[in-house]
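Visitor: pasting the structure only:
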């Protein structure tokens, strides 16, 4: 009762890092839609590791095999199932975490929850690798959304103290969206790429890791989607976004900044523009009363630093029931934020399609 | 498909500000539990308006009438239904918003969603008044939780630029929880109350409103609750908290601050204390991999300024299809944050009981 | 997690026979639809007791009070809540069942499930009276369905060994539907009413009760509704129909008779009629592969005899932990079938609206 | 929103008869349980075709490959995913059904629902073959139930007019359960096997098919499971059982026979036996008020004749929009009932585990 999401389009994600394979079942997709599999693979490539020094050198062959739900390039209406085989897994790297949980990881909480029966190799079902089928599912969903004029784009909003420019909250250019959607280090202001990479490199050289934030926008979404209270757009998107490992915060529109503002500053005035009701500003992130107002939906997510670092850390030895020290020798991302961008886009697509 | 929450204990909230009554049905509560109705009413009193100048002078008689689910003071196991009658409603205050939606409010989005058929008087189903039955439901749930040693407390973390002290993340005193739970202006550091009230008063005098943040803690919660991915504790709590009107952001533990940290700083080291595994710090807010680690669960929510302000504002006239100006003359809270504290506690109780 | 149904239009039913009131919350109804409340009350009157000797002489004032979700006669889109106050309850009638569960009733199973904390007066939440809000909710849903050309009618298919004629499976007359919908003893062949009533009267005179079957038809339903496997039309309707107390069986189309047939007999041949694909027969009850084929949806439900009979019966004394004898002196229906007809129609409406 | 079931243990079934593979994801299984895979395969073998003349001569290699959720023979707590590859598919057999839907099949309804985009080869997602992963999931669930003393057995209650003996409703022998559980032609009274097979053979020789009924029992189930109204045991089991293709009716206990009975006959008297409350008879099938009473849960399902018959049948040509005749030449079961027995047991296991 866990790795599923949605009540219109249901996603059921399965897999463990070092098991036979990982994948997803997507139930409820409309029949007859053509899916461009190259575009799906392009999204998955953005998430894949091994592209550069910000990411783990581990290579994955993440080509999904479609078991059902497509005939040729067309959705059949039956549940779509894609499987990615697990290869290139070096289990030996994780030999000692059974007894010594890695700080900041799910090792300890999974150990308690599953009474020690969970597959700990590579983080098991908690591995970041499990986001690959999420990107697959999201890439299919976003093609359906794009046919309705809805686009989703995210960028690295910050890494450490280096920040990108933010989306123009009332008007986001289609060319920008296209550029971000095909980038593996997605930035609005590309001139800061170097200093951002420097942040990551510094962390990596210190055997450390670093966090960041991701800003995401949904454009072309009509007014009137979402429900009051518990099925409001904020809640529906938040539930999807917190499904991404390492996300520890989310804010819509101006978010936490609103808490320091006056109503006269934060209220977005309505006005007619080209015969259509718009807001002059978009501090609310396109959502009022849990319902879309027709402006871009905007949110920012906080990503904690990758917990796997090579420095010696204090932990406990659960077998010996005593304090212990731990050094992790696996291959890990010093900064997960660039690879998390397409994952955030994917869960947003899955959330938005469930609002329709 | 909207005003319901939960799959173990289901809450279904109904009512409109100026309709016949508001209330909630709570389905799935355990039979045989005694409920202290005085404690329930005490929680509802904390949320009720009219206590002082930070709140609207509107008085509500919010005594809930139990229609089913209790025999004497004991839960019967049947769905618990409580109804609060609507009284003291001056509909005339809202005469002009049918055509001119209030900026920052759900007026426009509800108008679009419901094709103009929604009850706009007092905000209808979007009224903050609908949080009264949520506090009722939460007050019942928290008594069940308390019997298991789980306590929930929240405080006004900030109003505008004035901030309270924060919870000690690794150890929260039961006396503090008790004091906060019975306060209608809940602060850890009570010495700042005056300067906080001053912020509100200044906003009120400027015919304006002001936002803030609320920090909430859950103590006594065991390790191992929650599920990986989409049913993780963060997502489950976030969905409940975003059900509260005016919430625009949520962060767990250090939240957005984590995005600026290194892994060596953010990782919470494990250690043995009195034979039990604890963490020396609690930057993760008691949640790793979506699952509780046994430390206090901590989160902070951002509350936007009350959108109802008495200043003249720009909006549109939906009937005349032209730009317009709007002055709101109703009775409104210049700052909703103090009254939102027990609501946040309530939805947290509802979320946590669904994790059990 | 029990008295709720639906994922598009959610019904949450509350109440206990002798509590403060009973009612239902219906969440997800479309805004702007006008509801004819006289028609709703007419449906509730069909279910109400005290009309004649087949039913209990107990009178109920079952006028529902609308608390929210309607403004004038129009749905607002907010959850619709209706409450029916409980009056005319003679608790003394039920004095002895706490210790001695009535055979065939939920007394014993509820006692075990709720550890004796449930409200046993009048059957508590298990009372047939709780079907009144279901009829209310169904009467609203069927008006929405009727606007789409979908009609629902049921009749007393049999009481004991006396059987009514059956629906013409391929063509059901609108006048027949109208007549059945306004009848409190709904029969296709009205000439058998007397002999049916005789069956009931004989049972009543023997201090006994008698069961029967109800056949229900849904006309005007388009082809293509429902989903394969677990959300097939049969399963969706069955779940709703088994929510009605005393239902112990359901069959679609020819149902159990199909088990004795050959495929060459049971297969419904397709043919074109007025340019539309129809089936020449309708043994499948309008459902193939869980999906409607455009023909009338037909099913029959089996209703067990009312378990409350005035004869002395063997039971146990749960307090004394020994065998016991029980005589029930309350007011009870010797045959619940006529009053169950509008309830079956109501849950069918609720099920069908969730298929749309 | 279709091929999934359950809210505690969720099953998501995927696959199409002639696609890349079929399988199931089972989410929510308890970690640490050992699964005997030989027993799982034994259940799948009971369902597999090609064993004798009652079944299609088509051979399947139905060995499931576990992709996740198990480490060695132990459940890890992560979603369990099993995939069965599709082999031995002769698509040519189905060349003409695109235009001419087979009477009694889902061809036409799926065509309407999916706008002709569904995979029609072998029935696509509606193929009986998709029950193989259901048997897999059920076989895992029943091992968990057996560890709690709950056993599930079904038998061929009738084929055509030949009937087996019925379960003793108050006491079912463990040896009988064991024998039925390992039989591929499960009968209580084995002496009737020959005359039953004769019924099937006669149908087969007439290029026809034949229906039947299956009786299923759940023993060792404690009193107090299930919920009132819409989550009653009857509804929960019915929803699962109607998920099995060809089921058109279900009755609990004496079912439709109850409709002809008096209350004095149908009520099951309570009595103490060995200090435990039991019922002297079990006409209610172990369920009162939707809740188990501790006696065996009993139900009977009606299975329609296999719609695929080799006789010439009337249908329509959807391309030419005219009436047509159809002869089906594929390999088909003249009677699906024997192979449906383990499928009914499997969905019952899935339903019962969701009641716990």
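Guide: That came through fine. Bear in mind the structure is a predicted one, so any value in this text is a computation, not a measurement.
Visitor: report pLDDT for the residue nearest to residue A:287 when sequence neighbours are not counted.
Guide: The shortest distance from residue A:287 to any non-neighbouring residue, by CB to CB, 6 or more residues apart in numbering or on different chains, is to residue A:233 (4.7 Å). In short, each C-beta sits where N, CA and C put it, glycine included. pLDDT, residue A:233: 98.
Visitor: which residues touch residue A:233?
Guide: A:225-226, A:287, A:290-292, A:297, A:355 (CB atoms under 8 Å, 6 or more residues apart in numbering or on different chains).
Visitor: so of these, which ones are in strands?
Guide: Under the assignment DSSP state E, those contribute A:287, A:291-292, A:297 to strands.
Visitor: write the ChimeraX selection for whichever of the residues you listed are buried.
Guide: With 16 or more other CB atoms under 10 Å in any protein chain shown as the criterion, this ChimeraX line picks the buried residues out of the ones in strands among the contacts of residue A:233:
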select /A:287,291,292,297
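Visitor: ok, the ones in strands among the contacts of residue A:233 vs chain B, which is closest?
Guide: When those are compared for distance to chain B (CB to the nearest CB), residue A:291 wins out at 3.7 Å.
Visitor: could you dump the contacts of residue A:233 to a markdown table with pLDDT?
Guide: Below are those laid out as a markdown table (pLDDT from 0 to 100):
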| residue | pLDDT |
| --- | --- |
| A:225 | 97 |
| A:226 | 96 |
| A:287 | 98 |
| A:290 | 97 |
| A:291 | 97 |
| A:292 | 98 |
| A:297 | 98 |
| A:355 | 95 |
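Visitor: that's a helix at residue A:131, yeah?
Guide: Yes - assessed by DSSP: H, G, I helix; E, B strand; the rest coil, residue A:131 belongs to a helix.
Visitor: how much space separates it from residue B:291?
Guide: Separation of residue A:131 from residue B:291 (CB to CB, to the nearest Å): 17 Å.
Visitor: ditto for residue A:100
Guide: In terms of CB to CB, residue A:100 sits 18 Å off from residue B:291.
Visitor: same check, this time on residue A:65
Guide: Relative to residue B:291, and taking CB to CB, residue A:65 is found at 31 Å.
Visitor: over to residue A:175?
Guide: Distance from residue A:175 to residue B:291, by CB to CB: 42 Å.
Visitor: one more: residue A:4?
Guide: Residue A:4 is 17 Å from residue B:291, by CB to CB.
Visitor: can you check residue A:122 too?
Guide: Distance, residue A:122 to residue B:291, using CB to CB: 17 Å.
Visitor: how about residue A:259?
Guide: 29 Å.
Visitor: and residue A:69, by the same measure?
Guide: In terms of CB to CB, residue A:69 sits 31 Å off from residue B:291.
Visitor: cool, residue A:228 as well?
Guide: 30 Å.
Visitor: same thing with residue A:81?
Guide: 27 Å.
Visitor: check residue A:294 too.
Guide: Taking CB to CB, one finds residue A:294 at 38 Å from residue B:291.
Visitor: what about the nearest residue to residue A:332 once chain neighbours are set aside, how many neighbours?
Guide: Once flanking residues are discounted, residue A:332 sits nearest to residue A:308: 3.9 Å by CB to CB, 6+ apart. By the criterion of other CB atoms under 10 Å in any protein chain shown, residue A:308 has 23 neighbours.
Visitor: which element is residue A:308 on?
Guide: Under the assignment given by DSSP states H and E, residue A:308 is not contained in any helix or strand.
Visitor: tell me who's in contact with it.
Guide: A:102, A:105, A:209, A:328, A:330, A:332-333, B:263.
Visitor: kindly report the same for residue A:303.
Guide: Residue A:303 touches A:211-214, A:246-248, A:336-337, A:340, B:258-259, counting by CB under 8 Å, 6+ apart.
Visitor: list the beta-bridge partners for it.
Guide: residue A:212, residue A:247 (DSSP bridges).
Visitor: gap between it and chain D?
Guide: 23 Å (CB to the nearest CB, to the nearest Å).
Visitor: ok, residue A:168 next?
Guide: In terms of CB to the nearest CB, residue A:168 sits 37 Å off from chain D.
Visitor: for the single nearest residue of the stretch 251-356 of chain A relative to chain C, name its beta-bridge partners.
Guide: Nearest residue of the stretch 251-356 of chain A to chain C (CB to the nearest CB) works out as residue A:291 at 10.8 Å. Beta bridges link residue A:291 to residue A:288, judged by DSSP bridges.
Visitor: got a list of what it touches?
Guide: A:223-228, A:232-233, B:106, B:109-110, B:112-113.
Visitor: output the set of residues of the stretch 1-150 of chain A in proximity to chain B.
Guide: Proximity of the stretch 1-150 of chain A to chain B, by CB under 8 Å from any CB of the partner chain, involves residues A:1-5, A:7, A:13, A:101, A:103-106, A:108-110, A:112-113, A:125-126, A:130.
Visitor: go through the residues you listed and flag which are in strands.
Guide: A:4-5, A:13.
Visitor: and which of those is nearest residue A:242?
Guide: Nearest to residue A:242, judged by CB to CB, of these is residue A:5 at 10.7 Å.
Visitor: where's the closest residue to chain C within the stretch 151-300 of chain A relative to residue C:213, distance?
Guide: Relative to chain C, the nearest point of the stretch 151-300 of chain A is residue A:228 (7.6 Å; CB to the nearest CB). Applying CB to CB, the value for residue A:228 to residue C:213 is 42 Å.
Visitor: now swap in residue A:346 and tell me
Guide: Applying CB to CB to residue A:346 and residue C:213 gives a distance of 51 Å.
Visitor: buried sites along stretch A:263-283?
Guide: Of the residues in stretch A:263-283, those with enough neighbours to count as buried (16+ other CB under 10 Å) are A:263-271, A:277-279, A:281-283.
Visitor: looking at those, which is nearest residue B:218?
Guide: Using CB to CB, the buried residues of stretch A:263-283 come closest to residue B:218 at residue A:266, 29.1 Å.
Visitor: ok, now which ones touch the closest one?
Guide: Taking CB under 8 Å, 6+ apart, one finds A:254, A:258, A:283-284, B:104, B:211, B:304-305, B:307 in contact with residue A:266.
Visitor: and chain C, which of those residues reach it?
Guide: Okay, of the contacts of residue A:266, nothing touches chain C (CB under 8 Å from any CB).
Visitor: compare these and tell me which is most surrounded.
Guide: Going by other CB under 10 Å, residue B:305 tops those with 31 neighbours.
Visitor: circling back to that earlier point, which of residue A:346 and residue C:213 has more neighbours?
Guide: residue A:346 (31 against 24).
Visitor: give the helix, strand or coil label for the more buried one.
Guide: Going by three-state DSSP: residue A:346 is helix.
Visitor: my guess is it meets residue A:143, correct?
Guide: No - using CB atoms under 8 Å, residue A:346 is not in contact with residue A:143; the gap is 11.7 Å.
Visitor: which neighbours do these two share?
Guide: With the criterion set as CB under 8 Å, 6+ apart, the contacts of residue A:346 and residue A:143 do not overlap.
Visitor: how is the most far-flung residue of chain A relative to its centre assigned, secondary-structure-wise?
Guide: Outermost residue of chain A with respect to the C-alpha centroid, by CA atoms, centre = their mean, is residue A:320; its distance is 37.0 Å. Secondary structure state of residue A:320, per three-state DSSP, is coil.
Visitor: I'd say it and residue A:100 touch.
Guide: No - using CB under 8 Å, residue A:320 makes no contact with residue A:100, being 9.4 Å away.
Visitor: quick check: chain neighbours aside, which residue is closest to residue A:9?
Guide: residue A:28 (4.5 Å).
Visitor: tell me the confidence at the one you found?
Guide: 93.
Visitor: count of neighbours near it?
Guide: Residue A:28 has 21 nearby residues by other CB under 10 Å.
Visitor: what parts of the stretch 1-150 of chain A come near chain C?
Guide: Residues of the stretch 1-150 of chain A lying near chain C (CB under 8 Å from any CB): A:7, A:78.
Visitor: closest residue of the stretch 1-150 of chain A to chain C?
Guide: Residue nearest to chain C within the stretch 1-150 of chain A: residue A:7 (5.8 Å; CB to the nearest CB).
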